[in-house]
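> generate a structure from the sequence data that follows.
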Amino acid sequence: MSKIRGVPSRVSGPTIYVLSDSLGETAEAVSKAAASQFEEEFKIVKVPKISDEEDIKRVVEKARGKDCVLFYTLVRPNLRKFLKEQADEASIPRLDILSPAIEALITISKTSPRLEVGAGRRVNRDYFHRIEALNFAVKHDDGRNVRDLKKADIVLIGVSRTSKTPLAMYLAYRGLKVANIPIVPGIEPPRELFEISPEKIVGLTIDADFLISVRERRLGSLGSPRNGYVEKRDILREIDYAESIMRRMGCTVINVTHRAVEETASEILRHYS
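Numbers count the residues shown, from 1 in each chain. Below you'll find the model as predicted:
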């Protein structure tokens with residue numbers, strides 16, 4: 001099927017034309033969501049990068065006299081006005097997806113919009129940035145890939161069951177690349193940890209009795225027998241060793257006892273910013 005500037009030369013059947021002066025992703029998503037409510041299959045023809053009135057004329061001529069509707073997200077007022085006039089003259093149903101939302105925000109903010117074409121794509125960039133951060137957190141969980149520590153925004157250290165992994169994932173969702181490294185008595189932390197700025201490092205400490213209860217619940221869920229992992233003497237030794245490492249580094253230390261992950265994350269974000 002030949003095309004002129006993204007418009008098929010022949011379209012049959014109920015058709016939704018999606019027009020945008022950007023990529024058309026918003027209008028396309030709305031059209032698919034609406035079409036999914038019908039048994040009948042709708043063709044969706046996306047026409048992105050609308051730049052002038054001639055582009056609109058081409059689409060209107062293709063849709064004229066057919067079972068078509070125009071869904072559009074045009075930022076520039078002159079193009080919206082021209083499309084409205086052309087569609088009404090050709091008796092083609094139309095839906096301006098963007099304008100009602102913009103008008104509502106003008107009402108409550110009492111400010112004027114930038115009317116910047118493609119501004120919504122920044123949202124997609126933020127999304128992919130979060131995905132990249134989440135992948136980083138997974139690859140650098142529990143002391144893995146320490147050679148990449150310099151690429152981390154934040155490095156969490158602490159004994160087992162101090163919420164290092166949940167915190168790393170929570171912070172990653174906020175777009176931060178987070179690695180976490182367990183501190184184990186008698187085992188020197190990786191050399192790479194001492195080669196990064198202590199401002200990047202956050203030490204997580206915890207009260208011994210609270211840690212015992214956390215670990216006992218963990219062992220119970222796994223059906224494992226009680227062992228040195230939950231003995232207070234061993235836990236005190238673990239915490240003392242971890243805190244000595246944190247003092248050597250001069251990093252920020254946060255006590256996570258009785259704290260929700262969100263609460264600890266908020267403090268880390270305040271420190272980071």
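> in this protein, which helix or strand is least confident?
Scoring the helices and strands of the chain by mean pLDDT, DSSP states H and E places strand 3-4 at the bottom, with a mean of 36.
> which pLDDT does the model give Asp126?
If you check Asp126, the pLDDT there is 76.
> Provide a list of residues in contact with the nearest residue to it once chain neighbours are set aside.
Distance criterion CB to CB, 6 or more residues apart in numbering; nearest residue to Asp126, sequence neighbours excluded, is Gly175 at 7.0 Å. Where C-beta positions appear, they are placed from N, C-alpha and C, glycine not excepted. Neighbouring residues of Gly175 by CB atoms under 8 Å, 6 or more residues apart in numbering: 126, 129-130, 133.
> host element of the most centrally placed residue in the chain?
The chain has Tyr127 as the residue nearest its centroid, 3.6 Å off, counting by CA atoms, centre = their mean. Using DSSP states H and E, Tyr127 sits in helix 121-139.
> now, of the contacts of Gly175, which are buried?
Neighbour-count burial (16 or more other CB atoms under 10 Å) applied to the contacts of Gly175 gives Ala133.
> dump the contacts of Gly175 to JSON lines, plus distance to Asp142.
Below are the contacts of Gly175 laid out as JSON lines (distance: CB to CB, whole Å):
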{"residue": "Asp126", "distance to Asp142": "27"}
{"residue": "His129", "distance to Asp142": "23"}
{"residue": "Arg130", "distance to Asp142": "21"}
{"residue": "Ala133", "distance to Asp142": "17"}
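> name the nearest of the contacts of Gly175 relative to Lys32.
Asp126 (22.3 Å; CB to CB).
> before we move on, the earlier item: quick check: the residue nearest to Asp126 vs Arg218, distance?
Distance of Gly175 to Arg218, given as CB to CB, to the nearest Å: 30 Å.
> next, the residue lying closest to His129 once chain neighbours are set aside: secondary structure please.
Counting by CB to CB, 6+ apart, Gly175 is the residue found nearest to His129 once chain neighbours are left out, at 5.2 Å. Using DSSP: H, G, I helix; E, B strand; the rest coil, the structure places Gly175 in coil.
> one more: Val18?
Applying three-state DSSP: Val18 is strand.
> doesn't Val69 make contact with it?
No: Val18 is beyond contact range of Val69, at 9.9 Å (criterion: CB atoms under 8 Å).
> who's more crowded, these two?
Using other CB atoms under 10 Å as the criterion, Val18 and Val69 rank with Val18 on top: 26 against 18.
> list the contacts for the more buried one?
Applying CB under 8 Å, 6+ apart, the residues near Val18 are 24, 27-28, 31, 44-47, 71-72.
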